[in-house]
Structures are given as structure tokens and as C-alpha cells.
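S.K.: return atomic coordinates for the entry below.
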Amino acid sequence: MSWRERIASLSLGRLFKGETRTALPIEMAMSLGVNTTGVTVTEKSVLTLAVAFACINVISTDLSSLPLTLYRKRKSGGRDIIDDHDAAYKLRWSPDENDDTSSVKLRQDWTAHTLGWGNGYLNVDRSGDGTIKELSLLDPQYTQAMRRKTDQRLFYRLKDGTTRTPDNILHLAGLGLDGVTGYSPPKLCKQAYALGLAMEIYGASFYGNGAIAGGWIKIPGKRKPEVLANLRRSVEGVHRGPYNAGRIGLLEEGMDFQSTSISPEDAQFLTGRQFQAIEICRIYRVPPHKVGDYSQAHLANVEISNLDYITTTLRPWAVATETTCSLKLLSQKERRKGLYFEHQMTALLRGDMKSRVEYYTRMRDSGSLCPDEIRDMEGLNPIEGGIGKIYLVPVNLQTLEKAAKEPEPAPAAGDGLPSANGENGDQEEGKEPAAAEGSQNGNGNGNGKAKTGTRF
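M.R.: You can find the predicted model right below:
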């Protein structure tokens, strides 16, 4: 039994003698993993794989495009936007003192580091009074989260050998088993990435090395090496390269060409590449149509797929980012006062014009939104005069308190005011009393139709 097999056969309890370790077994599995394709896989090399780059780019770009806003909860309900906080400005506009870059670019790269390396790090530079001066990216390849042997306190070792405390590092991590760090997807799933890279290399080599399939040219008799070299150069000069595909080949007398290669169609090359693209999308939980694969997408299900992408892909990363920023950029006192960071995701949830009109109409008619709030969502200015701040409700609706009150009893018979003909009770709407009609006709019976039983 080899040493690899012996290690794999040991249980964790026997291997570590009862010690509690979570990160080491996976790291060992990643280091012992075999890459049978012969293609080197690193966090940077996988960016040359188109589908991997597209997955990382679409998540990091979509998430960074959403405003990351600082809110304060109201005790009475609702919340207010906080603009005058130093952390809010750094994450909303520019992370450095000189405004050399935008917060969108910083958060995009920070998220891309996390998706590529499993961990993304931002250094927090504070002034003497604790005010945040600058947020800067750290190289995820050389930044390490470690614990001191004496008290197991967490600290971070940077590329230059210096250390930082956790409150000065914004650490966004992916899936991991130690509660702090995340695993690198290219290392953990190296075979999937390696197969995709190998298939790209194979396809490029196939079209780059020649349109004629590899094979042998049989020549009768024995020829000198110089003659064979000239023949090889002449054949490759005519047929090699993508621009020479389909040219007619000529062989001299007695020569015969025998193909020894398998076409990409026979090897299901294209099918394999499509499957591998979906395999990479599966790692990042990205719908294939988000990276340009519409083979299984239809107009009826793209909108549902987009909603699924927002809820199952973007939202978990948004929550992780919000929690990290609230924990490291806000003091415990500020968090207890109700301050927190949250992405504004309503822009991604907007549908087409018809759906938005229906949504706004229902929200306005139910009294949930006023016209000015609807106009703000559409990027329009408020209505002048303040009339757009009025909330509207249907007249046939009432409050729960009013609905819970007992109805007032109807007036008893005979308690009403006397009518025009001396009777109590209401008259039929739109009709004059019979006695009045009769008096106008000069008789007392109202055209001979005076009511019986009239009280005088």
C-alpha cells in the first residue's frame, strides 16, 4: 500500500489522535489531489478559462453595482439613511483619501478575490481617533489568517511579514470548515478546471496545428532525411493553419496518406466543452444564461432564472458582505443603536414596464407608497408643492379599529321625523308625498290615490 493510500485509509481520530482540526484534512486532500490532465491549475490560471472568468466577473460586478448603504433603525419602525458616517462614505464613494478609485471597483475586486481564492481581504487604515482613513486591497495569495498558540487569538499575517488585528481587516470568506477561512475553488475542484483548460488547449491546438488531420504519408522506397524534411515543410506550408482549411491536397506518384486521428465530433468534443461550462457554473451557482449559454434557456424561464440568481447567488454574498462591514466598520455601540449596512437590491428586482406599473398601482392603492416614492424609484423628481407625499387609500376600505366597533342600532319605528304627509318614516327617494300631490290637484285624495290609514 502506497503512502497516499495509507493516509486516505486512516480515520481522522487516528490521524490526529483526538485533536480537533477542521481545515487541515481538506487542505491535505487538495494537496494530494491528482491532476491527470497535465495542465497546471492555479487561482490565476483559471481566469484564462472563459467560463470561470465570466462567473467571477458576473457575480462581482453585479454585487458591486448595488449601492451599499448605511441605515439606522427607528424605534417606531422603519429606518433612515446615514450619510455622515466615515464608513458610509468609503463604501459609497471612494475608499481612499485622495479619491483615486471608486468604491465600486474596490468591492468588485474584493469579491473577485473571494470567488477566486476563497478569501478576500481589505486593510482598514484608521486615524488616532478611530476614524477610517482608507480601505485597501490585500493580496489573497499571501495574506493568512492565523491563531496564536498561547491564547488562540486570531490575527492576520501580511505579505511583508507584518501582522494585523482582526478589527483592522475586512475578511470576506467563502465556504470553509474552520469558521474563519474559505477554501479555494480551483484547488478544491482542480480536476474540473483542469479539464476545461485542457479542452481549450486541445481545441486551439487542433485548429492551430493544421486543418488536415494528423496522419502518415506513405512513400515507396527509402528517401533521404533532407527530402523528407522538404516534403513535410511543403505539406504544412500549404495545409497548416485555420486559413488553409479545405484546400485540395496533392501527393506525388506512389504516395499515400493515412489519417490516424479522431475528429472532435467523433470524440464529442463540443458536447464535452458544453458540459464542462455547466460544471464550472455549478461551482459558482451561476445560471448558464448569465455567462452566455442560452442552449437551455427560453423567454418564459429567463426571468424566473434571473430571480433565482438574485435570491440564491447574489443574496448570500450580499448578506456576507453586509455582515462583515457592519461587524468591522461599526462599533459595538453603533450596532446597538441600530446602525447596519445593507445593499439596495430593488433595482435588480424591477421587471418590465408593464410589471412595474402594475406593482406601483397596487402599492399606491393600498397606501404603501406615495406618488413621490414611486417617482423616486423611477428616477424622477418629486411633485412640486408636496402633494406627491400624500398616501391614498380606497374609499371603500376602513381601519381595523373601525371595523371592530359594533354597528349603531337602527332607529325604532315611529321615532323618525314626520314626513310631508304627516306620517313617520322615510319616503321613497325621488317621490313627493301623496298628500302634497293631491293638494296640488285641488283635492284631498291625490288624484284619487290617497293612502289609507293616514294619521291626522
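S.K.: count of neighbours near the residue nearest to Met377 when sequence neighbours are not counted?
M.R.: Spatially, and ignoring its direct neighbours in sequence, Met377 is nearest to Thr346 (7.0 Å; C-beta to C-beta, 6 or more residues apart in numbering). For every residue, glycine as well, the C-beta is placed using N, CA and C. As a burial measure, Thr346 scores 9 neighbours (other C-beta atoms under 10 Å).
S.K.: same question for Asp83.
M.R.: 10.
S.K.: by mean pLDDT, flag the weakest helix or strand of this protein.
M.R.: Here the helix or strand of the chain ranked lowest by mean pLDDT, DSSP states H and E is helix 12-16, holding a mean of 36.
S.K.: one step back: gap between the residue nearest to Met377 and Glu303?
M.R.: Thr346 sits 16 Å away from Glu303, going by C-beta to C-beta, to the nearest Å.
S.K.: what do you get for Asp83?
M.R.: 34 Å.
S.K.: so who does the spatially most central residue of the chain touch?
M.R.: For the chain, the residue nearest the mean C-alpha position is Leu314 (2.1 Å; C-alpha atoms, centre = their mean). Contact analysis of Leu314 by C-beta atoms under 8 Å, 6 or more residues apart in numbering lists Ile59, Asp62, Leu63, Met345, Leu348.
S.K.: give the buried residues for stretch 220-239.
M.R.: Leu231, Val235, His239 (16 or more other C-beta atoms under 10 Å).
S.K.: for Thr321, state which of the residues you listed is nearest.
M.R.: Of all those, His239 has the smallest distance to Thr321: 54.3 Å, by C-beta to C-beta.
S.K.: test my guess that the closest one contacts Gly249.
M.R.: Yes. With contact defined as C-beta atoms under 8 Å, His239 reaches Gly249; the gap is 6.3 Å.
S.K.: ok, which stretches of the stretch 301-450 of the chain are helices?
M.R.: Assigned by DSSP state H, counting those that start in this stretch, the stretch 301-450 of the chain shows helices spanning 315-329, 332-336, 353-365, 371-377, 400-404, 434-440.
S.K.: any idea which of the ones you listed has the lowest pLDDT on average?
M.R.: The stretch with the lowest average pLDDT out of those is helix 434-440, scoring a mean of 43.
S.K.: can you pull the pLDDT of Asp96?
M.R.: Looking at Asp96, its pLDDT reads 91.
S.K.: just the pLDDT for the nearest residue to it once chain neighbours are set aside.
M.R.: Nearest residue to Asp96, sequence neighbours excluded (C-beta to C-beta, 6+ apart): Glu134, at 4.8 Å. Glu134 is assigned 95 on the pLDDT scale.
S.K.: confirm that Glu134 sits in a strand.
M.R.: Yes. Counting by DSSP: H, G, I helix; E, B strand; the rest coil, Glu134 is found in a strand.
S.K.: so it is in contact with Asp125, correct?
M.R.: Yes. Under the criterion of C-beta under 8 Å, Glu134 makes contact with Asp125 at 4.3 Å.
S.K.: in the lengthiest helix in the chain, what's buried?
M.R.: The residue-count maximum for a helix in the chain (DSSP state H) belongs to helix 190-209. Within helix 190-209, the residues scored as buried using 16+ other C-beta under 10 Å are Lys190, Ala192, Tyr193, Ala194, Leu195, Gly196, Leu197, Ala198, Met199, Glu200, Phe206.
S.K.: also stretch 114-134?
M.R.: Those would be 114-124, 132, 134, for stretch 114-134 by 16+ other C-beta under 10 Å.
S.K.: CA atoms only for that stretch, dumped as CSV, please.
M.R.: Extracted C-alpha coordinates of stretch 114-134, given in CSV (Å, rounded to 0.1, in the frame of the first residue of the first chain):
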residue,chain,number,x,y,z
THR,A,114,-13.1,35.8,-2.6
LEU,A,115,-14.5,33.9,-5.5
GLY,A,116,-11.1,33.0,-7.0
TRP,A,117,-9.0,32.4,-3.8
GLY,A,118,-11.8,31.6,-1.3
ASN,A,119,-10.8,34.7,0.7
GLY,A,120,-10.8,38.4,0.1
TYR,A,121,-9.0,40.9,2.4
LEU,A,122,-9.3,44.7,2.9
ASN,A,123,-6.9,46.6,5.1
VAL,A,124,-8.6,49.2,7.3
ASP,A,125,-6.3,52.2,8.0
ARG,A,126,-7.6,54.3,10.9
SER,A,127,-6.6,57.6,12.4
GLY,A,128,-5.8,58.2,16.0
ASP,A,129,-9.4,58.8,16.9
GLY,A,130,-10.6,55.7,15.2
THR,A,131,-11.9,57.4,12.0
ILE,A,132,-11.5,55.3,8.9
LYS,A,133,-8.9,56.9,6.6
GLU,A,134,-8.6,54.3,3.9
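S.K.: quick one: distance of that stretch to the chain centre.
M.R.: 23 Å (C-alpha atoms, centre = their mean, to the nearest Å).
S.K.: now stretch 163-176
M.R.: Taking mean C-alpha positions (C-alpha atoms, centre = their mean), stretch 163-176 and its chain are 22 Å apart.
S.K.: residues in contact with that stretch?
M.R.: Contact with stretch 163-176 is made by 23, 110-111, 113-115, 118-126, 135, 138, 145, 154-158, 180-183, 185, 320-321, 324-325, 328-329, as judged by C-beta under 8 Å, 6+ apart.
S.K.: alpha carbons of it, as CSV, please.
M.R.: Taking Å, rounded to 0.1, in the frame of the first residue of the first chain, the C-alpha atoms of stretch 163-176 are listed here in CSV:
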residue,chain,number,x,y,z
THR,A,163,0.6,41.3,11.4
ARG,A,164,-2.8,43.0,11.8
THR,A,165,-5.6,42.5,14.4
PRO,A,166,-9.0,41.3,13.2
ASP,A,167,-10.7,44.6,13.7
ASN,A,168,-8.4,46.2,11.1
ILE,A,169,-9.1,43.5,8.4
LEU,A,170,-12.2,43.1,6.4
HIS,A,171,-12.2,39.4,5.7
LEU,A,172,-14.8,38.1,3.2
ALA,A,173,-14.6,34.3,3.1
GLY,A,174,-16.3,31.6,1.1
LEU,A,175,-17.1,28.0,2.1
GLY,A,176,-14.8,26.7,4.8
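S.K.: confirm Thr69 sits in a helix?
M.R.: No. Read with three-state DSSP, Thr69 is strand and lies in no helix.
S.K.: show me what contacts it?
M.R.: Taking C-beta under 8 Å, 6+ apart as the test, what Thr69 contacts is Ile81, Ala88, Arg92, Phe341, Glu342, His343, Gln344.
S.K.: got a list of what the second one touches?
M.R.: The one in question is Ala88. Thr69, Leu70, Ile82.
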